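J.: What would the 3D arrangement of this be:
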Amino acid sequence: MKQYVVDAFTDRVFAGNPAAICVLDQWLPEDMMMKITIENNLSETAFTVKEGDHYRLRWFTPGGEIDLCGHATLGTAFVITNFIEPDSTTITFETLSGTLTVTKKSDLFEMDFPAYDLKQISVTNEMIEAIGARPAEAYMGRDLLCIFDDEEDIKNMVPNMDKVKQLDGLLLNVTAPGKKYDCISRSFAPKMNVAEDPVCGSGHCHILPYWFKKLNTKKLVAYQASPRGGVLYGEMEGNRIHLSGKAVLYSQADIFIYN
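T.: Have a look, this model is predicted:
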């Protein structure tokens, strides 16, 4: 079985967010997909099978299947348009988050994603203790989103992962206004056995809606300030986000799972 590893939201290897991509002729048993994911030990491994004109796409973290993943969707579209269907520029995926479309535009891949509804909640002592700093604001969607005033707070943050696991929300996303970019962020997912997600597309379906409203704009350039780093381009349209990024191939491999 062929597997590709793609660095997403970057134009160079060893940056962005690596995702393993498996394009299958038919579905593997779920426990086998989990074993492959754990063996890869990346934040996400994507599995896709063509069904009619569309592809069914599933994302797995080492902690289990997840309902939305941006970088692995971008990586899967990169693999399909470069190695499986090189004449295609638009790929449609059926997922746990509904129908997602990815369009190749020069060196960018534009993903049509849902924006999470954000509900403002109180900043709690548990948040402060887990993050190690006091957010100015906090919001809840699928994830917990905490807002800070200074990008240095984001860069220097060292959360307590055991305490982050006790917070509400699937992931913890933290963000602040940027100097070079419109906003800067980091994403932590210890509940999914991923301490820090290098560049989180689904996290930006929380982060960007906040900044679209805060900055009164419909276009943003965001930077995820993980040690690897990555750049995301966002545009709001109704309750959808056009989330774009670049990608680069790191490796191709053959997996021998039944030897």
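J.: ok, which stretches of the stretch 51-200 of the chain are helices?
T.: All helices of the stretch 51-200 of the chain, identified by DSSP state H, counting those that start in this stretch, fall at 70-79, 125-131, 151-155, 161-164.
J.: nearest to L145, of those?
T.: helix 125-131 (10.9 Å; Cβ to Cβ). In this view, the C-beta of every residue, glycine as well, is placed from N, C-alpha and C.
J.: Give the buried residues for that closest one.
T.: Within helix 125-131, the residues scored as buried using 16 or more other Cβ atoms under 10 Å are M127, A130, I131.
J.: what's the burial count for the closest residue to the last one other than its chain neighbours?
T.: Taking Cβ to Cβ, 6 or more residues apart in numbering, and ignoring the residues beside it in sequence, I131 has P159 as its nearest neighbour in space, at 5.2 Å. Burial of P159 is recorded as 20 neighbouring residues (other Cβ atoms under 10 Å).
J.: Enumerate every residue touching P159.
T.: With contact taken as Cβ atoms under 8 Å, 6 or more residues apart in numbering, P159 is in contact with A130, I131, G132, L172, F188.
J.: cool, L74 as well?
T.: So L74 contacts V6, A8, F9, A19, V102, F109, M111, G201, G245, A247 (Cβ under 8 Å, 6+ apart).
J.: Measure how buried the first one is and give me the count.
T.: Think V6. Using other Cβ under 10 Å, the number of residues around V6 comes to 27.
J.: and if you look at the last one?
T.: Using other Cβ under 10 Å as the criterion, A247 is surrounded by 27 other residues.
J.: wouldn't it be in contact with A72 here?
T.: No. Counting by Cβ atoms under 8 Å, A247 does not reach A72; the two are 10.6 Å apart.
J.: Need the residues touching each of these two.
T.: When Cβ under 8 Å, 6+ apart defines a contact, the residues bordering A247 and A72 alike are A8.
J.: which among the contacts of L74 gets closest to D254?
T.: Among the contacts of L74, V6 lies closest to D254 (Cβ to Cβ), at 16.5 Å.
J.: A helix includes the closest one, no?
T.: No. Assessed with DSSP: H, G, I helix; E, B strand; the rest coil, V6 is strand; it does not lie in a helix.
J.: List the contacts of it.
T.: Contact partners of V6, counting by Cβ under 8 Å, 6+ apart, are P18, A19, I21, L74, G75, F78, V79, A247, V248, L249, Y250.
J.: Between those, which sits nearest I36?
T.: I21 (11.3 Å).
J.: Does that closest one have any beta-bridge partners, and if so which?
T.: Beta bridges link I21 to Y4, A46, judged by DSSP bridges.
J.: For the residue nearest to I131, give its distance to N216.
T.: 30 Å (Cβ to Cβ, to the nearest Å).
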